[in-house]
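Trainee: my questions are about this predicted structure, shown below with the sequence.
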Amino acid sequence: SVTFTTENYAAPQPVVITALQDLDTVDGTTMVALSAIGLPNVNVAVAVTDDDSQALLATAASVAVVEGGTTMVGVNLAFAPANPITVAVVSSNPSVATVAPPTLTFTPANYAQAQNITVSGVDDVDLVAGNAQVLLSAPGLPNLSVAVAVTDDDTQAIFASANAVALTEGGAASVGVNLV
């Protein structure tokens, strides 16, 4: 409140209007009513420019999974969207890691609840570990990626076509040898 006296009634008195932080990215407007007993009200229009920027958030910046195994990554939005936002979910290298589901949809009601993406390590026949990225994108938002390290579960062994050979002196035999 502001108090006026016969000495200060003509001098402007400061009234501080503070914009509060909110959970959305929408600019706001309101009216501040100035009132006093016996005087007509004066309304002051207030426009608030929202300083929030929508962003995708993940529960992990990187995950590890074994070939043939799965792990989860949770995704949500930083702020409540004005309209539903559909996020595309893809793997940068589907021969190393796959992702599901292919899309996530966030609304003002569920934007803060993490939705899980299943990341699966693809089983292959080599002995090489692999790397991929879970790529998340939505129109108008900065892209987000989650690094995926896939540990190889294959082992290598020597295979011989015969476990034993019988030879006479001076004789020769052939045994096939390969890696499996």
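Mentor: Looks like it arrived, so ask away. Residues are numbered from 1 along each chain as shown.

Trainee: alpha carbons only for contacts and neighbour counts from here, please
Mentor: Fine.

Trainee: shouldn't residue 57 be in contact with residue 77?
Mentor: Yes: contact criterion CA atoms under 8 Å: residue 57 and residue 77 qualify, at 5.8 Å.

Trainee: more crowded one of these two?
Mentor: Neighbour comparison, residue 57 and residue 77: the larger count goes to residue 77, with 22 against 17 (by other CA atoms under 10 Å).

Trainee: tell me the bridge partners for the more buried one.
Mentor: Beta-bridge pairing for residue 77 (DSSP bridges): residue 56.

Trainee: from the chain's centre, how far out does stretch 113-126 sit?
Mentor: 15 Å (CA atoms, centre = their mean, to the nearest Å).

Trainee: do me a favour and get the end-to-end distance for that stretch?
Mentor: Terminal residues of stretch 113-126 lie 39 Å apart, using CA to CA, to the nearest Å.

Trainee: residues contacting the one residue sitting closest to the centre of the chain?
Mentor: With distances taken as CA atoms, centre = their mean, the chain has residue 58 as the residue nearest its mean C-alpha position (3.2 Å). Shown in contact with residue 58 (CA atoms under 8 Å, 6 or more residues apart in numbering): 73-76, 146.

Trainee: in these, find the pair that's most separated.
Mentor: Farthest pair in these (CA to CA) is 76 and 146. Separation: 13.4 Å.

Trainee: who's more crowded, these two?
Mentor: residue 76 (21 against 18).
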